[in-house]
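1. Build me a model from this:
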Amino acid sequence: MMRRIFGVCAMILALMFAMPAHADENQEQINQYRTMLTEQDALDAKGVAAQDRALAAKWLQEAEVLLANGDTDAADKRLRRVEFAIDLIRAMVASSEIRTAAEAQEAAAFKGPEITEQLQTEVDGLKQKRTELQQELQRLQQ
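-> Have a look, this model is predicted:
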């Protein structure tokens with residue numbers, strides 16, 4: 001009987017000491033997620049993920065409140081949502097950057113023939129000028 005009471009007391013003490021450590025880990029994770037959201041905000045020039053970042057920030061606040069109230073299970077669930085949201089935000093921002101680069105390349109491709117034509121006209125003009133200068137040089141040498 002005494003062993004059981006000792007065992008139960010030991011388990012309760014172990015859980016009490018483990019909870020603050022888990023809470024500290026969660027708080028550290030919240031801080032990391034906030035940093036990640038700030039970084040993605042800086043990278044998101046077009047604001048394609050603004051709503052998702054706001055929602056993730058809300059979940060972070062909820063997780064912090066839940067941690068303060070000692071509800072680590074609910075806080076863990078919110079943090080898991082934030083983790084998925086950050087993955088989505090990263091993908092959206094990367095997609096936006098790729099789309100912007102593709103649009104710039106497409107615009108350059110459309111201007112390619114026009115630029116080529118301008119350069120060809122310039123080359124033709126320079127060839128004509130060279131021919132004229134060679135003729136002038138020959139005339140001066142005679």
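
2. Could you list every helix and strand in contact with the helix or strand hosting L137?
-> Here L137 sits within helix 72-141, counting by DSSP states H and E. In terms of contacts (3 or more CB pairs under 8 Å, 6 or more residues apart in numbering; DSSP states H and E), helix 72-141 is packed against helix 2-43, helix 50-68. C-betas here are computed from N, CA, C, even on glycine.

3. can you tell me which of these the model trusts least?
-> Note on the helices and strands packed on helix 72-141: lowest mean pLDDT is at helix 2-43, with a mean of 72.

4. So for the helix holding L137, mean pLDDT?
-> pLDDT averaged over helix 72-141 gives 91.

5. What angle do helix 50-68 and it make with each other?
-> If you take axes from the mean of the first three to the mean of the last three CA atoms, to 10 degrees, helix 72-141 sits at 150 degrees to helix 50-68.

6. how far does helix 72-141 sit from the chain's center?
-> Helix 72-141 sits 21 Å away from the centroid of its parent chain (CA atoms, centre = their mean, to the nearest Å).
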